[in-house]
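Visitor: Sequence first, predicted model second:
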Amino acid sequence: MAYIKEYKNGLKLVVEPMRGFTSVSIAVLVKTGSRNEEISENGISHFIEHTVFKGTDKRSSFEISDYIDRIGAQINAFTSKELTCYYTKSTEEHTKDCIEVLSDIFFNAKFDESELDKERGVIIEEINMSEDTPDELCLDLLAESYGGKDGIGMTILGPIKHIKKFTKKDVNSYMDKYYTADNVVISIAGNVKPEKCEELVDKYFSDNFKRLKSVPQKKSKDFICGNIHKYKKIEQSHLSVALPAFSLFDERYYALSVANAVFGGGMSSRLYQKIREELGLCYTVYSYSSLYKDCGVVEIYAGVNNEARDLAVDSILAELKRFNKEGITEQEFLRGKEQIKSSFILGKENTASQMLVFGKYLLFNDKEYNANEIIKKINSLTREEVLSVIKEIFTDNRLAVSSVGPTKKPIKI
């Protein structure tokens, strides 16, 4: 059972002891990402995630990397639509060292203008790389297609023009709003004792927050049935479709997971077997759910020969209609159920995945993640519950679409 502590200033700590493991994964999770940004500051969450590593009052950028390498640990970070995460993975004996380094970059980053200028080039190249990766570009356009030009619809990386102008003042202003005690969870999983972790968090985190209360989180907007196309002189056409769903913590989550596994989650799925194996229209086709704290979508993606684009779209929509009309067989239901159950069980064998799932659950749901309860929910799931979700979600009543490829015509729905 996980250990949870909430501090008076709002900071939360969750520790999942994993006996028999030799590694420890530690994360500082901040409840903010691109969806909280103003349109004029899109990209700043990701910009901050990069630049905290560029030097502190105590260490230079090289000294941060060198220190982590000398103790044989790993350090990294990522930004999503609604989360920024700084994390380490190490052996148990270096738990203290990792917590101290995370505290240093989190509280003492200097954001020196010369270092910011260097990192701008790195981030701009990351944006250029994304632009040159048509499947990523297609899915970014899909988010704008259903989410609009702000909130969920904005990209995580932001536009280059913003990266070129962000200053230390901009960074501090944004951090004042969201890098607050009540907006942070520290999550630790691995071969650790909760009382030792609490002692280290007391020392390096709990009293170091100058900012205690976050501004309100931005709410999602209604699903938009948009259609965005971008011309790009490439060999393939890339297309994606979004269907409105529900939030990450909806009680129908597990039914949706099974439905998606059957529809487009793997090599035995309906989409894969029909679009690739039977019709031979693509190499890659799949579906997955993107669920957030207050909204969600199911997304379908395929990369196809440009001449087969329209046929592929028609075939995918036909398969969607058939799925909605026919539902799933008992055999498909049992197979999908076993797939998602195995995914949860296997996740328990990795300290990094457990660190993240326990941390995110506490950050967004204010509750303890309980894997045993989740397995019980999956085991008790019925085919009728999955069929109900298929009828509600897997329909062509409201669709958002995007496409990238060597034609100037958008997809026709």
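Guide: Alright, I've got the coordinates.

Visitor: which ones are touching residue 104?
Guide: 56, 58-59, 64 (CB atoms under 8 Å, 6 or more residues apart in numbering). Where you see a C-beta, it was placed from the backbone N, CA and C, and this is true even at glycine.

Visitor: hmm, 7 Å instead?
Guide: Residues counted as contacts of residue 104 (CB atoms under 7 Å, 6 or more residues apart in numbering) are 56, 58-59.

Visitor: In CSV, list those residues along with distance to residue 116 and neighbour count.
Guide: Below are these laid out as CSV (distance: CB to CB, whole Å; neighbours: other CB atoms under 10 Å):
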residue, distance to residue 116, neighbour count
56, 14, 21
58, 19, 14
59, 17, 18
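
Visitor: Can you tell me which of those is nearest residue 244?
Guide: Taking CB to CB as the measure, residue 244 lies nearest residue 56 of those, at 43.4 Å.

Visitor: Do a quick rundown of the helices in the stretch 151-300 of the chain.
Guide: Ranges of helices in the stretch 151-300 of the chain, per DSSP state H, counting those that start in this stretch, are 160-163, 168-178, 194-201, 253-264, 270-271.

Visitor: tell me the most buried of those helices?
Guide: When the helices of the stretch 151-300 of the chain are scored by mean count of other CB atoms under 10 Å, the highest mean neighbour count falls to helix 253-264 (a mean of 26).

Visitor: What is the neighbour count of residue 38?
Guide: Using other CB atoms under 10 Å, residue 38 has 11 neighbouring residues.

Visitor: so how far is residue 100 from it?
Guide: According to CB to CB, to the nearest Å, residue 38 and residue 100 sit 34 Å apart.

Visitor: now swap in residue 88 and tell me
Guide: 10 Å.

Visitor: Give me the more crowded residue out of those two.
Guide: For residue 88 and residue 100, the more surrounded residue by other CB under 10 Å is residue 88, and the numbers stand at 26 against 15.

Visitor: For residue 77, which three-state class applies?
Guide: Three-state call for residue 77 (DSSP: H, G, I helix; E, B strand; the rest coil): strand.

Visitor: show me what contacts it?
Guide: The contact partners of residue 77, by CB under 7 Å, 6+ apart, come to 49, 85-87.

Visitor: Mind pulling up the pLDDT for residue 371?
Guide: At residue 371, the pLDDT value in this model is 86.

Visitor: Now for it: which residues touch it?
Guide: 344, 348.

Visitor: Next, the distance between the ends of stretch 374-386.
Guide: End-to-end distance for stretch 374-386, by CA to CA, to the nearest Å: 16 Å.

Visitor: How about that stretch, which residues are buried there?
Guide: Buried residues in stretch 374-386, counted by 16 or more other CB atoms under 10 Å: 374, 377-378, 381, 383, 385-386.

Visitor: How many neighbouring residues does residue 117 have?
Guide: By the criterion of other CB under 10 Å, residue 117 has 10 neighbours.

Visitor: How is residue 303 assigned, secondary-structure-wise?
Guide: Criterion first, three-state DSSP; result for residue 303: strand.

Visitor: Near it, how many other residues are there?
Guide: Residues near residue 303, counting by other CB under 10 Å: 21.

Visitor: With the one 4 residues further on instead?
Guide: Using other CB under 10 Å, residue 307 has 9 other residues around it.
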